[in-house]
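Visitor: no sequence on this one, just coordinates:
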């Protein structure tokens, strides 16, 4: 008796699952997607850090030291510069994570038994990358010193190490995780709120029939879209202002750059996230689907943007996907303004692709929105 009543219910549920192809696809794709991300993309052992070198010695000893950096596979000696200002510019702009400055008297100090100092500058805005770079640089100095002492190339009467690594951590000298995570959380909170709220709000109106009522009014389509988006722009600014205030007061995160520039560039990110919300609303049939799709978009934003896991340690295919994520560029902007205090002269390389990406998303979203409601 129970079997005769239970089987029709089971059959009905399986038919309903099969008909809801979007939900079924997400159920099947989500675990595969997460497994691939966790298995391949999330590599915290960061190597091949872009490095700027200012070698004033240009001696055999300095070349051997730089070769030791290169052979460690933690440093890519990508930039050979002619001055400390160039090293600073590359590190400020994010092109180089590490800067190595070898003084002109490096060879002479080694041969006379003095401690030859080498300055190593590390961008410490990401503590995990900075710790790896600092520990490796210190180890290279110790190993190189031992090699010099063993070979007898340096004077043995001096008790100091022949190679003295003077490591300086810029932007986050205490390697505070809060200084790294809080700016990232601003972007995460902003994306989650604007994308999810926009997508669900439009789907909710479609379910209730109020969206169709608005369409038949004299209100033009662009006026309808602007009217739907502007309130969430204001909501986004309120949320990020509150989050920034709490980050400064509760976690002592320093804001070294221009707050005005921060608010202006945030508009580019809001354009992209609101566009994503509209795009999701054109695909979702109900609020539950909109919520599921928002989380599906949210996952790669967390894992592949550099919010927690350094992009330098990701395989090329994962890093390439990250370039299509608006949060990737916004995190560079946030950390550049808040931690480094840099201006638009460095940030434009992130603002430009973010603006183009946001414009493309909003155009695609509005285009699909028009097709959906007609």
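Guide: Looks like it came in fine. Here the structure is a predicted model, which means the values were calculated and not measured.
Visitor: averaged over its residues, what pLDDT does stretch 352-368 have?
Guide: Averaging pLDDT along stretch 352-368 yields 88.
Visitor: gap between it and the chain center?
Guide: In terms of C-alpha atoms, centre = their mean, to the nearest Å, the gap separating the centre of stretch 352-368 from the centre of its chain is 20 Å.
Visitor: Which positions within that stretch qualify as buried?
Guide: Going by neighbour count (16 or more other C-beta atoms under 10 Å), the buried part of stretch 352-368 is 353-355, 357-358, 361-362, 365-366. Heads up, the C-betas are built off the backbone N, CA and C, glycines and all.
Visitor: Let me have those in a markdown table, extended by distance to residue 238 and secondary structure.
Guide: As requested, the buried residues of stretch 352-368 are exported to a markdown table (distance: C-beta to C-beta, whole Å; DSSP: H, G, I helix; E, B strand; the rest coil):
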| residue | distance to residue 238 | secondary structure |
| --- | --- | --- |
| 353 | 27 | helix |
| 354 | 21 | helix |
| 355 | 23 | helix |
| 357 | 24 | helix |
| 358 | 20 | helix |
| 361 | 23 | helix |
| 362 | 21 | helix |
| 365 | 23 | helix |
| 366 | 25 | helix |
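Visitor: Out of those residues, flag the one nearest to residue 184.
Guide: residue 354 (15.5 Å; C-beta to C-beta).
Visitor: Please determine how far that closest one is located from residue 64.
Guide: Using C-beta to C-beta, to the nearest Å, residue 354 is found at 43 Å from residue 64.
Visitor: Same question for residue 103.
Guide: 16 Å.
Visitor: With residue 116 instead?
Guide: Distance, residue 116 to residue 64, using C-beta to C-beta: 12 Å.
Visitor: Pull out the buried residues from stretch 260-268.
Guide: For stretch 260-268, by 16+ other C-beta under 10 Å, it's 261-262, 265-266, 268.
Visitor: er, stretch 308-328 actually
Guide: Those would be 309-314, 318-319, 321-322, 325-328, for stretch 308-328 by 16+ other C-beta under 10 Å.
Visitor: Mind listing residues that contact whatever helix or strand residue 150 lives in?
Guide: Residue 150 is part of helix 127-151, with elements assigned from DSSP states H and E. Helix 127-151 has contacts (C-beta atoms under 8 Å, 6 or more residues apart in numbering) with 44-46, 49, 64-65, 68-69, 72, 74-75, 97-98, 110, 118, 120, 122-124, 154, 156, 161-165, 167, 169, 172, 175-177, 180, 310, 312.
Visitor: List the strands paired with the next helix-or-strand element following that helix, with their directions.
Guide: Sequence-wise, the next helix or strand downstream of helix 127-151 (DSSP H and E) is strand 163-170. According to DSSP bridges, strand 163-170 forms sheet pairs with strand 116-123 (parallel).
Visitor: still on that earlier bit, run the angle between the helix holding residue 150 and strand 116-123 for me.
Guide: Angle between the axes of helix 127-151 and strand 116-123 is 170 degrees (criterion: axes from the mean of the first three to the mean of the last three C-alpha atoms, to 10 degrees).
Visitor: Check which residues of helix 127-151 are buried.
Guide: Neighbour-count burial for helix 127-151 [16+ other C-beta under 10 Å]: 127-130, 132-134, 136-137, 140-141, 144-145, 148.
Visitor: Need those residues in JSON lines (columns: distance to residue 289 and pLDDT).
Guide: Listed next are the buried residues of helix 127-151 as JSON lines, based on distance: C-beta to C-beta, whole Å; pLDDT from 0 to 100:
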{"residue": "127", "distance to residue 289": "38", "pLDDT": "86"}
{"residue": "128", "distance to residue 289": "36", "pLDDT": "82"}
{"residue": "129", "distance to residue 289": "38", "pLDDT": "85"}
{"residue": "130", "distance to residue 289": "42", "pLDDT": "88"}
{"residue": "132", "distance to residue 289": "41", "pLDDT": "86"}
{"residue": "133", "distance to residue 289": "44", "pLDDT": "89"}
{"residue": "134", "distance to residue 289": "47", "pLDDT": "91"}
{"residue": "136", "distance to residue 289": "47", "pLDDT": "91"}
{"residue": "137", "distance to residue 289": "50", "pLDDT": "91"}
{"residue": "140", "distance to residue 289": "53", "pLDDT": "90"}
{"residue": "141", "distance to residue 289": "56", "pLDDT": "89"}
{"residue": "144", "distance to residue 289": "59", "pLDDT": "86"}
{"residue": "145", "distance to residue 289": "62", "pLDDT": "85"}
{"residue": "148", "distance to residue 289": "66", "pLDDT": "81"}
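Visitor: for these, which one is nearest residue 299?
Guide: Residue 299 lies nearest to residue 128 out of these, by C-beta to C-beta, at 20.3 Å.
Visitor: Residue 255 versus residue 76, what's the distance?
Guide: Counting by C-beta to C-beta, the gap from residue 76 to residue 255 is 31 Å.
Visitor: where does the stretch 1-150 of the chain have low pLDDT?
Guide: Scanning the stretch 1-150 of the chain for pLDDT under 70 picks out 1-45.
Visitor: Tally up the residues packed near residue 64, please.
Guide: Residue 64 has 12 neighbours, counted by other C-beta atoms under 10 Å.
Visitor: Distance of it relative to residue 166?
Guide: From residue 64 to residue 166 the distance is 19 Å (C-beta to C-beta).
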